[in-house]
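Colleague: sharing a model that was predicted from the sequence below.
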Amino acid sequence: MITSYHRPGTLDEAAILVTAPRTHVIVEGAALASSPSEQATAVVDLQSLGLDGIEMSGESLEIGSMTTLADLAKSPLVPAIISDLANREAPSTIRTVATIGGTVVTNDPESELLAGLLAFDASVTVAQADERLSYSLESVLDDPQLIEGSIITGISLDPRGAATAHRTGRTPMDRPIVMVVGHKDTTDHIHLALTGVDSRVVVLSPGQTDTLTPPSDFRGSTRYRKELASVLTERVLADLSGGGSQ
Amino acid sequence: MTITLTINGTQRSLECEPHESLLTVLRRAGYRSVRFGSNTGETGAAAVLVDGQLVSSDILLAAQADGHTIETIEGLSVPGVLHPIQQAFIETGAIQSGYSTPATILAAKALIETNPSPNEAQVRDALSGILDRETGYVRPVHAVLRAAAVMRGDDPDQVVVVHLENLTDRNGSSRVGADSASPAQTQPMNPQVVLNDDVPVTTVVGQPEAKVDSIKLAKGNPAFTDDVDLTNTLIAKVLYSPHAHANIVSIDDTAARALPGVHAVLHYGNVARVRYASGGQSYPNPLPYDQVSFDNKVRFVGDRVAAVAADTEEIALAALDLLDVTYDVLPAVFDENDAIVDGAPVIHDEPDMDGAADATHNLVHHLKAETGNIEDGIAVADRVFTQTFRVHQVQQTPIEPHIAIAEWDSDERLVITSSTQVPFHVRRMVAPLLGIPVKRIRIIKPRIGGGFGVKQEMLIEDIVGHLTIVTGRSVRLELTREEEFMSSRTRHPQTITYRTGVDTNGKLTAQEMTIVANTGAYGTHGLTVQMVSGLRGLSSYNCPVKKFDCKVAYTNIPVPGAYRGYGAPQALFALEAHMEDIADALDMDAIEFRRLNWTKVGDPLDIAQQLGEGDQDASVMPLVTSCGLEEAVAQGERAIGWDKRNDPSWRAPADRPHIRRGMGFAMAMHGTAIPGLDMGGASLKINDDGSFNLLVGATDLGTGSDTVLAQMAAQVVGVATDDIIVYSSDTDMTPFDTGAYASSTTYISGMAVKRAAEQVRDQIIERAAIALEIGRDGIELHDNAAWAPDGRSVSLETIALSTLHQEGQHQIMANASYVSPESPPPYAAQFVEVEVDIETGQVTVTDLVMAVDCGVPINPLTSVGQVEGGMVQALGYGHCEEMAYDADGRMVNANFGPYKIYRSDEMPRLEAILVQTMEPSGPFGAKAIAEIPKDGVAPAMRNAIADATGVRINDIPFTPERVWQALQNA
C-alpha cells in the first residue's frame, strides 16, 4: 500500500529520499499504482527534476531517464529503429507516461525497446546521494543491485550504424514470442539482442543461438522459441549484410 | 493529501489518498465519463488528457497529476451542442455501447490538435491504447478522419447507403460481373447494401439513422451501472477459490467480522442452500440445478468461496485476507474427454445434485437426434470422410465488467441495478435465492457496456442481494478484469467429430456430428449451447440422413456459458473445415461442392424439429423462407478479389521468399431467435406534441437495438426516429422481454413493437377521421400528420392534444407482444486472406470480407457495425485468443495483452456487405444479424492457411507455434 508520496525538486533531495526503507521511484505509474503491497510504501516521483529530454553530445545520444516513450518515438535524433521499438513498447494511452528509465528498471524479458538499447550497447547513468556513476546497460540488467538506491538519470548510446529487427507474434502488434534486433556499429561489429529466450533480454554474438535454452509457456515451447531465435537471427544478419534498415 | 488539478479549465482541489489512482479520484469528483475497464491501463477506457496527452488514468497516481491540466469529455460537452468529433462519431456509426467512446474521442482530440491532417495509420496508432470489443475499429477510424476534415474546414461527404449492383439472379443460374469487378482497396465508410426488388420502399426503416442514444454516449453522460450515485454504499468483494477442486472443510470468519468497517461476511455457513442454474433463460430454467450461492465445495480456480461487504474496498480486501479457509484439495480434471471416463474425479458428488444425466461420470447431458438411420446413409455413399476437430475456450471480455448494485427502496423493495442482458430472468431467478417474492424485487438495466452473452447470466446479483438484505445498506460489486476472466463465463470448448457420406455426384448422403463438450464446473448453458451446435452443424447443408450425438461434461475449468454465436462458431469451424477438405479430396471446387449441398429457399431444416428449445409444432417441418447466399458469395468473391488466388506471383511473393499467401471461404447459416420460446413485449403511447414513448423490455447491449426498434415504430406511425423516446429496460416499468440473446431483438421485439405501433396507428387514424370528417379508409400517417386522400392533413400533435385534453379523452397507446413459430436463418459468405510465414508459422490476416443476408437491414449503419465488430471477435477466436492454464488449473493470462484481442493498429482490411432478402415472417422483412458474423472467420482462416501452405489444421487458434508445428509435420 502506498502511504506517502514525494515529489522532490532537486536530484540531491531525490537521492536522499530513495535511500529510505521501502521507498521506490515511480518511473512509470503503472506498476506501483496497480500493485499495492501490504507494507507501507513511499514513492518518489521524479517528474520535477528535468530528467526528460533528448540531445546529441558529440557522437553520443543522451536521453533523459524521464523521457517518455512517446517522445522517444517521435524524436528525429533517435535512431529510427529505437523510435519504432519505443512505439511498439506501449500503446497510445501508456507510452505518454512510460519512460525509458522505467523500461530499464522494469527489466521485462519481452521488452523490445530494451533489446534495442542493448543492441546499441547503451549505457546507464545513475545518481546516488554523493556521486554520479555510469554502467553499461547490460551490466545493470545482469546485476540490478548495481543501481539499487540510485536514481537513473539518463541513457546514452551511439546512434550511428545500421540496425534491423525481426519478430514473431500472434498478431502484428503483439508482444513478440521471440524478437531479434541487430545493430552493426561503425566498426562493422554486429550486436544482437533477443527477447523471449531467457528470463531477461539477452545479448548474443552471431552463431550463439544454439546455446539458448528458452523458457516455455503457452505462446511458445522451448523448442519453438529456439527455432525462432535461429530463424530470426538469420534474417537480421541477412539484412545487416545488405546494409540494414538504417 | 490535497491535490490541485485544472480539470476542463476549472481549478479544483481534491482530497485523495497517496495510493489512489487518477481514475478513482476523477470518478469520485463526478467525472463519470472516465470509465473502469482495468487497473493496469490495458483497456484504455479510463483515458483522459493530461497536459494534452492521452493517458490511461488507471495507471497514474492521482498525486502524480497534482498541478497538471486534465481534460475529460465533460469539457467538450456543452448542453445542446456537439463537438465536431462527437458529431462525427454519431454520423459514422462509431458508437456501439459507448462505454469507451469518451476515451476514444479524447484520443482523437489529442491527435487532431497536434496533427490536423492525420492519415489512417496515424489515427489507428492514436487509438491503439483503447481496446474496442464492439466496432472492429472501422467506424471510429472513419469518425476521426471525418472529424479532422471538418475541423480543417473541409466538407466531407454525408454518410449514405451505397447500393451495390446485384451480381446474380440469386438462384445460382446466372452471374454477372463477379469475376471481372475489381476488389475494393479501402474499408468502406458507407454501409453497402445489395437491394432486392421484393422489398417495399420505406422512409425510416432501411435508413442509416443516428442511434437514439448516441448523444448521451458521445458526451459521456452518466448512463451505466457504475454511474449510479448512491450515498453510503458498501463495497463488496468476493473470495475466490485458489484450487480447481476442493472441499471446504471450514471457514473461520471471526477475524474478518471483527475488522472495523466490515458489515457482513457470507459463505456456505450462513447463507441458505438453494439450488439453481445460473443461465439467464426462460422458465423453467434447463437442468441441472447444480449451483448454490455459496457452497462447501469449490470446482474451479475462481469459484466463489465467500463475500464481504465493507465501508471501503481496502477494508473489504483486508477482510478477505482474514478469512481462514481450510480446504481439502481434490484431484481435478480439465479435459472433457478425460472427465467422462471411469475413475475421473467426480465434480458434483453433493447429495442434493439435481438434473445431471450421470453425475458420477461428470456427464451433464447426453443429447441425441437423428433423421433416418445414419448407417443407411453411410452405406449408399461413394466416399465417407471422418475428421475430428478441437475448439478451445475464449472469453467474451466486454470492456465494462460485471457490475451490480443492490438497495432497499422506500417501499422496502429490493432494487438491483445491473449490467445484465436478462433483467426479467434475473428477477425471477434471484427471488428464491434471496427468499423474497418476485413482487418485492425490481431489476433496472441501465446502459450496458457490452455483453456478448457473458451477461446472459444471473452471475453476481444474488451476492449484492444477500449482502443488502443482511446489512440493510446499498451494496455495490464490480469485478476486476482478472476476476472477470477467472470467475465469469466463457465459450464452451468442444471435441467435434464429423462423419460424412458423399455420393458420386458430390451430394451428401449422410452426416453425423459427434461432440464431447466441456461445460466446466457448472451446467448453466451447457444444454442449450450444445443443442445449437447440433442445430447449426447439421442444418447448413441438405442431407437425407443426419445424426447428432453430444455428451456434455463437467470439468474443473472456469464456467462456459453464453457467448455470441452460442455453439454455432464451434460447429461451423468443424463443418466448414470438413466440407473444404471433402471438396479437396473429391477434386471439386470448394464453393461449388458447398453450393451443390447448401440449403436454399424451400429446403427443410429437419434437425431443428429435434433440437429446438421452444414449444414447436412437431408436425410442421421448418423450411428456409429466404436465402441470399448465392448473391452473398458473389459479392464476397468480388470484394476480396477471389481470382487473385490463382496468380502464382501473388501466392508466393518473390521479394519475401518465406511468405505464402492464400484465401479461404466459409459459408455461415445462423438462426433468428428461438421459435416458440423467445418473447418480446412493447408499449407505445403518444405525448402532447405528437412524439411517442416506446417502452421495451429488450436490452440494447450496444448493438443499436433501441434505435432499430424506434425506427420500426416511427415507420408505422409516420414520424421521425427522434420522435420516438425509447426506454429500456426496468422490470417495474417496461413489458416483459426474454432479453438480448439468440439474435432475437430485431425479429421478436421488433415484431412486438411493430404490432403495438400498428394498434396506435389505428387509434390515430380513428381520431384523424373524425377531425378530417372522412372515413378511415385511405388515411395515411407520415411527416408527423395524418393525411386524407385529398391532401388535407391533421398533425399528430393536434390529435394528441385533442385526445389527451379536449374531446373523447383517452390515452392513445397500445401494448403488444410476440412469439415466433419460426426461426428464419440468415446466411453469410465469409472470405479471409492471409499471409503465412512458412519458417515461423506466423499468420497475418490481411483481409476479411463478409457478405450477409440479414433479410432487410432496418438500419444499415448499425448493421454493418455489427458485422465489422463481430468479425473481429471471430478473428480473435480463430487467431489469437485463448484462456491458458497451468497444470493446477490457474489461468496464466488473465489480463489483456497475454490474453490477446486485436487493437486498432494491427487490423486487417474489413468489409461488410448487406444482401437484402425479404423474409416474410420478419418485421419489415428483417432477420437476425448480431451473431452470424461470429461463425465464419475461423474456418475461412483455416481454409486460407490450407490454400497458402497445403497444411490443414483442425485445432484453433492458429497461433504461430501451432501452424509451425503443422508445417513441420507436413
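Modeller: Arrived safely.
Colleague: quick check: buried residues in the host helix or strand of B:D376?
Modeller: If you go by DSSP states H and E, B:D376 is part of helix B:374-379. Buried residues in helix B:374-379, counted by 16 or more other CB atoms under 10 Å in any protein chain shown: B:374, B:377-378. (Each C-beta comes from the backbone N, C-alpha and C, glycine too.)
Colleague: so does the following helix or strand past that helix get close to chain A?
Modeller: For helix B:374-379, the following helix or strand on the C-terminal side (DSSP H and E) is strand B:383-391. No. Shown here: strand B:383-391 not in contact with chain A (CB under 8 Å from any CB of the partner chain), separated by at least 15.2 Å.
Colleague: what mean pLDDT does strand B:383-391 get?
Modeller: Mean pLDDT, computed over strand B:383-391, is 98.
Colleague: buried stuff in it?
Modeller: Buried-residue list, strand B:383-391, by 16+ other CB under 10 Å: B:384-385, B:387, B:389-391.
Colleague: before we move on, what about stretch B:928-943?
Modeller: Of the residues in stretch B:928-943, those buried (16+ other CB under 10 Å) are B:928-943.
Colleague: looking at these, which are in strands?
Modeller: Among those, no member is found in strands (DSSP state E).
Colleague: nearest to B:L5 among those?
Modeller: Comparing these against B:L5 with CB to CB places B:A930 closest, at 41.1 Å.
Colleague: list the contacts for the closest one?
Modeller: B:564, B:703, B:743, B:745, B:866, B:870 (CB atoms under 8 Å, 6 or more residues apart in numbering or on different chains).
Colleague: if any of these are buried, give me the PyMOL selection for them.
Modeller: Applying 16+ other CB under 10 Å to these, the buried members can be selected in PyMOL as follows:
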select buried, chain B and resi 564+703+743+745+866+870
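Colleague: which helix is the longest one in chain A?
Modeller: Longest helix in chain A, counting residues (DSSP state H): helix A:222-241.
Colleague: quick one: mean pLDDT for that helix?
Modeller: Helix A:222-241 carries an average pLDDT of 97.
Colleague: list the helices and strands the helix or strand bottoming out on mean pLDDT in chain B packs on?
Modeller: The helix or strand of chain B with the lowest confidence, counting by mean pLDDT, DSSP states H and E, is helix B:608-611 at a mean of 89. Here helix B:608-611 touches strand B:363-371, helix B:526-537, going by 3 or more CB pairs under 8 Å, 6 or more residues apart in numbering or on different chains; DSSP states H and E.
Colleague: A:G161: which of these is closest?
Modeller: helix B:526-537 (56.8 Å).
Colleague: for chain B, what is the nearest residue in chain A?
Modeller: Nearest residue of chain A to chain B (CB to the nearest CB) works out as A:T93 at 2.9 Å.
Colleague: check which helix or strand covers the nearest residue to that residue once chain neighbours are set aside.
Modeller: In this structure, A:T93 finds its nearest non-sequential neighbour in B:G129, 2.9 Å apart by CB to CB, 6 or more residues apart in numbering or on different chains. For B:G129, there is no host helix or strand (DSSP H and E).
Colleague: got a list of what B:G129 touches?
Modeller: A:90-95, B:41, B:44, B:47, B:54, B:56, B:107, B:903.
Colleague: and the buried residues of helix B:374-379, which is closest to chain A?
Modeller: Nearest to chain A among the buried residues of helix B:374-379, with distances taken as CB to the nearest CB, is B:I374, at 37.8 Å.
Colleague: any idea how far the residue in chain B that chain A sits nearest to is from B:Y99?
Modeller: Closest contact between chain B and chain A, by CB to the nearest CB, is at B:G129 (2.9 Å). Relative to B:Y99, B:G129 is positioned 15 Å away (CB to CB, to the nearest Å).
Colleague: and the next helix or strand past the host helix or strand of B:R767?
Modeller: Element membership for B:R767, per DSSP H and E: helix B:750-772. Scanning forward in sequence from helix B:750-772 by DSSP H and E, the next helix or strand is strand B:780-782.
Colleague: give me the neighbour count for residue 80.
Modeller: With no chain named, the answer covers chain A. By other CB atoms under 10 Å in any protein chain shown, the residues close to A:A80 number 12.
Colleague: hm, I was asking about chain B
Modeller: 5.
Colleague: repeat that for the one 3 residues further on.
Modeller: A count of neighbours around B:H83, defined by other CB under 10 Å, yields 20.
Colleague: contacts only, for it.
Modeller: B:76-77, B:105, B:109.
Colleague: direction included, what does the helix or strand A:V44 falls within pair up with?
Modeller: Taking DSSP H and E as the definition, A:V44 sits inside strand A:41-45. Strand A:41-45 pairs in its sheet with strand A:2-6 (parallel), strand A:23-26 (parallel), by DSSP bridges.
Colleague: flag the helix or strand of chain A with the lowest per-element mean pLDDT.
Modeller: Result, chain A / mean pLDDT, DSSP H and E: helix A:29-34, a mean of 42.
Colleague: how about stretch A:121-133: buried residues?
Modeller: For stretch A:121-133, by 16+ other CB under 10 Å, it's A:121-128.
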